[in-house]
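Chemist: From the sequence below, what's the structure:
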Amino acid sequence: MCDRSAMTLPTLARLRPGVPTGTNPTELAPDLVVAVLSAINGGDAKAACRAAASWCTLNHLHTAACDQANAVWFTLGVRVFGPNPPMIHPNDGRANFNALCYRITEYETGTRLLHANSLDLAIEPYVRAAIRFDPIAALSVATVWRGNPNIMREAVRINGLALQYDGVHNDIGIVGDAVRQNPMALQYTGFRLTNIWVCRLAVELDGLALEHVGGNIQALDYNVPLTAVKQNGLALRYVTHMYKGNSDMSYLIMGEAIKQNGNALQYASMERKNNMGFVWQAVKNKGRALRWAPESLKNNREIVMAAVSNDASALEFASLELQVDDAIRRTAAAQLRYDAPA
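Modeler: Residues are numbered from 1 along each chain as shown. Purely as a prediction, here's the structure:
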């Protein structure tokens with residue numbers, strides 16, 4: 001006689017339709033376990049839940065087996081949800097397993113939220129589901145999971161600002177994923193002070209992330225501030241003072257800034273603001289940048305003409321004398337579009 005304890009679990013081949021007539025449904029229960037555990041190998045509890053539901057509806061024998069496998073369902077609950085899953089239906093293993101599965105959906109959709117005293121904080125599938133809905137809210141209470149690289153990687157790929165809860169530290173892969181999702185996540189990593197690559201990545205995507213780049217990084221690689229102002233001229237506000245002097249590199253960075261956005265003129269050095277050619281480039285790009293020009297250039301006919309040619313409303317920043325100049329007023333009037341949105 002064969003020793004049943006030495007037998008291995010049946011293969012998934014029995015999942016196919018057409019199980020021989022006369023098979024005892026209870027003997028199929030191990031196949032249910034195999035199907036669910038195979039689905040959870042990838043760490044996806046939701047896939048395991050789907051596998052169980054699919055297995056139970058495959059044919060009438062599987063349905064009968066699922067109805068009669070009460071203990072198996074409790075075992076599966078432990079295997080999928082951890083050693084201490086909630087006992088929502090303590091007397092009905094299948095109903096309890098289904099309720100555990102449905103709770104994943106509740107967390108994913110935000111109909112159920114994690115809170116500081118929730119026992120669900122110990123259950124990885126629920127934490128991951130809550131993160132898929134709102135990574136920052138979930139990690140604000142799921143403190144024990146902040147040091148889990150897989151959890152943090154999932155979180156920052158959904159919202160890079162979840163990096164503020166990173167307990168892994170020094171994982172450049174997680175930081176890179178966070179910055180790609182939201183360049184402003186740079187503020188939450190020490191790499192902003194030491195790693196040129198991650199700083200450059202951030203400012204390539206959003207020049208204003210330069211606010212969070214350490215001055216030493218800018219000093220080490222001028223391409224970081226240069227890249228930032230090319231992406232968003234207003235990043236000139238965060239360029240270190242060493243690049244707002246009279247050097248060729250300073251002129252290049254400030255020039256690229258106003259080329260991208262003339263309003264960057266407000267953050268340029270006084271030497272540049274008093275340079276007629278520099279201001280002319282700025283107002284040609286954004287007429288209302290005239291407001292940042294010195295009074296002497298607000299009274300310069302060529303500068304004001306360039307400004308109102310770009311934006312009629314720039315006339316308000318011209319000197320009183322040029323505001324009533326007929327040619328300038330005609331040029332401004334020609335730019336007015338009464339159908340333009342506010």
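Chemist: Where do the helices of the stretch 1-150 of the chain begin and end?
Modeler: With helices called from DSSP state H, counting those that start in this stretch, the stretch 1-150 of the chain shows them at 29-40, 45-56, 60-67, 70-81, 93-109, 124-133, 135-141, 149-158.
Chemist: Export only the CA atoms of the second one, formatted as CSV.
Modeler: This file holds the C-alpha atoms of helix 45-56, laid out as CSV (Å, rounded to 0.1, in the frame of the first residue of the first chain):
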residue,chain,number,x,y,z
ALA,A,45,-1.5,38.3,-3.4
LYS,A,46,-4.2,39.7,-5.7
ALA,A,47,-3.0,37.2,-8.4
ALA,A,48,-3.3,34.4,-5.8
CYS,A,49,-6.9,35.4,-5.1
ARG,A,50,-7.7,35.4,-8.8
ALA,A,51,-6.1,32.0,-9.2
ALA,A,52,-8.2,30.6,-6.4
ALA,A,53,-11.4,32.0,-7.8
SER,A,54,-10.6,30.8,-11.3
TRP,A,55,-9.7,27.3,-10.1
CYS,A,56,-13.0,27.0,-8.2
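Chemist: could you give the angle of it to helix 93-109?
Modeler: 140 degrees (axes from the mean of the first three to the mean of the last three Cα atoms, to 10 degrees).
Chemist: picking that back up, would you mind giving the helices of the stretch 1-150 of the chain as JSON lines with mean neighbour count, distance to residue 194 and mean pLDDT added?
Modeler: Heads up, the C-betas are built off the backbone N, CA and C, glycines and all. Converted to JSON lines, the helices of the stretch 1-150 of the chain look like this (neighbours: other Cβ atoms under 10 Å; distance: least, Cβ to Cβ, whole Å; pLDDT from 0 to 100):
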{"stretch": "helix 29-40", "mean neighbour count": "20", "distance to residue 194": "39", "mean pLDDT": "69"}
{"stretch": "helix 45-56", "mean neighbour count": "20", "distance to residue 194": "38", "mean pLDDT": "88"}
{"stretch": "helix 60-67", "mean neighbour count": "18", "distance to residue 194": "56", "mean pLDDT": "86"}
{"stretch": "helix 70-81", "mean neighbour count": "19", "distance to residue 194": "40", "mean pLDDT": "90"}
{"stretch": "helix 93-109", "mean neighbour count": "19", "distance to residue 194": "37", "mean pLDDT": "95"}
{"stretch": "helix 124-133", "mean neighbour count": "23", "distance to residue 194": "28", "mean pLDDT": "96"}
{"stretch": "helix 135-141", "mean neighbour count": "20", "distance to residue 194": "24", "mean pLDDT": "97"}
{"stretch": "helix 149-158", "mean neighbour count": "20", "distance to residue 194": "19", "mean pLDDT": "97"}
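Chemist: Turn those helices into TSV, columns for distance to residue 336.
Modeler: Output for the helices of the stretch 1-150 of the chain, formatted as TSV (distance: least, Cβ to Cβ, whole Å):
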stretch	distance to residue 336
helix 29-40	65
helix 45-56	58
helix 60-67	74
helix 70-81	66
helix 93-109	49
helix 124-133	48
helix 135-141	45
helix 149-158	45
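Chemist: and of those, who's closest to residue 269?
Modeler: Nearest of the helices of the stretch 1-150 of the chain to residue 269, taken as Cβ to Cβ: helix 149-158 at 37.3 Å.
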